[in-house]
Each structure stands twice: as C-alpha cells, then as structure tokens.
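A.B. asks: all I have is the shape, not the residue letters:
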C-alpha cells in the first residue's frame, strides 16, 4: 500500500474565488471610506441655498396645477426632502430638437392642443445644504447635486426629472 501524496494545485475556480473575495473586501473598504468622508452629519450647520432648475416636455396642465409656490419636493432615490418651490415660475412652449441629414440641429416649438400641449418649466427651489471641503454642494449634507445634473423628484401629485441649472447661497 504505497500511497502517494499529491500536492493540490490552484485551479481556475480557486483563483476566481480569491479574486472575488479580495474585490469584495476592497469594495466594502472603499464604501466605508467614502461614506465616512462625505457625510458631514451634525458637525456642520446646514445653510439655505437656491437651486434653479428646468423641467422639459411636461403637460401644460401638470405645470399649471402642480407647480405652485410653496409645494415641497422630495428626492425619489431616498425619499429625503429636496426643497420648497419658490415664486417666479416660467412656463414656455416645449421645444423638440431634430437632426437633419445635413447634420444640422433644428428646434421646433410644440404646436399641439388640449392635453397634448407640452411645456418646459423653469423655476427655483429653496433647499438646505452645505459646501464640502472640495467645493461641492451636498443637499441636506449628504446628497451631491450640481449644475447640469438631473435629479428625479416627486411631490404629492407628480414625479419629474429636474435639470439643475444653478446652485447659489441665499
């Protein structure tokens, strides 16, 4: 009975499992580090800011009925408070952009009637937040928003995507 001891070699499955384990540990470490550094929590007092926005191609009836000053909006992603709609809403005919075969881009105003009439809405929201050590605005101290960034928000009546056009201190 001559038994041979064979050394076991690392197979492809073993290497794959080790790589996944290392990636998992690295991912957890990075997430912990980023969360710890970006969350200002209660260390900094939140200040009031004005965020201007544009909502494109919504029904005119929605713009007239559900974008009233004083209404609150909430972030769709985590249900946190976004801000309160301010006076000075601008409603214009929605524009559609088309590419011609020549490569030129042309815009056409909405000409539909009734419930098909679409508009673009521009306005502002009063929000609370803070500027972090990198100069970036954190809504409520933890959600990054900036110019040209889209944020899906909702209120009691509708859900829309806001295109942020500016963030300024009150």
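C.D. replies: That came in fine, so what should we check first? Treat the numbers as computed from the prediction; the structure is a model and nothing was measured. Numbering: from 1, shown residues only.
A.B. asks: which residue packs closest to residue 45, ignoring adjacent ones?
C.D. replies: Nearest non-adjacent residue to residue 45, counting by C-beta to C-beta, 6 or more residues apart in numbering: residue 130, 7.8 Å away. Where you see a C-beta, it was placed from the backbone N, CA and C, and this is true even at glycine.
A.B. asks: partners of the one you found in the sheet?
C.D. replies: residue 138 (DSSP bridges).
A.B. asks: neighbours around it, how many?
C.D. replies: Residues lying near residue 130 (other C-beta atoms under 10 Å) number 18.
A.B. asks: and the pLDDT for it?
C.D. replies: At residue 130 the predicted local distance difference test score is 93.
A.B. asks: what's the answer for the one 4 residues further on, then?
C.D. replies: For residue 134, the model assigns a pLDDT of 86.
A.B. asks: so in the chain, which helix runs the longest?
C.D. replies: With DSSP state H setting the assignment, residue counts place helix 12-38 as the longest helix in the chain.
A.B. asks: you'd agree residue 85 is up against residue 70?
C.D. replies: Yes: the criterion here is C-beta atoms under 8 Å, and residue 85 meets it with residue 70 at 6.5 Å.
A.B. asks: for the following helix or strand past the longest helix of the chain, which positions count as buried?
C.D. replies: Downstream of helix 12-38, the next assigned helix or strand under DSSP states H and E is strand 47-59. Judged by neighbour count (16 or more other C-beta atoms under 10 Å), strand 47-59 contains these buried residues: 49, 51, 52, 53, 54, 55, 56, 58, 59.
A.B. asks: how near is the last one to residue 120?
C.D. replies: By that I understand residue 59. For residue 59, the distance to residue 120 equals 12 Å [C-beta to C-beta, to the nearest Å].
A.B. asks: who does the spatially most central residue of the chain bridge with?
C.D. replies: Centroid-nearest residue in the chain, with C-alpha atoms, centre = their mean: residue 151, separated by 3.2 Å. As for beta bridges, residue 151 partners with residue 162 under DSSP bridges.
A.B. asks: what is the mean pLDDT for the longest helix of the chain?
C.D. replies: The model assigns helix 12-38 a mean pLDDT of 83.
A.B. asks: in this structure, where is pLDDT below threshold?
C.D. replies: 1-7, 35-44 (pLDDT under 70).
A.B. asks: quickly list the domain ranges of it.
C.D. replies: Domain segmentation of the chain under automatic domain parsing yields 11-40, 47-169.
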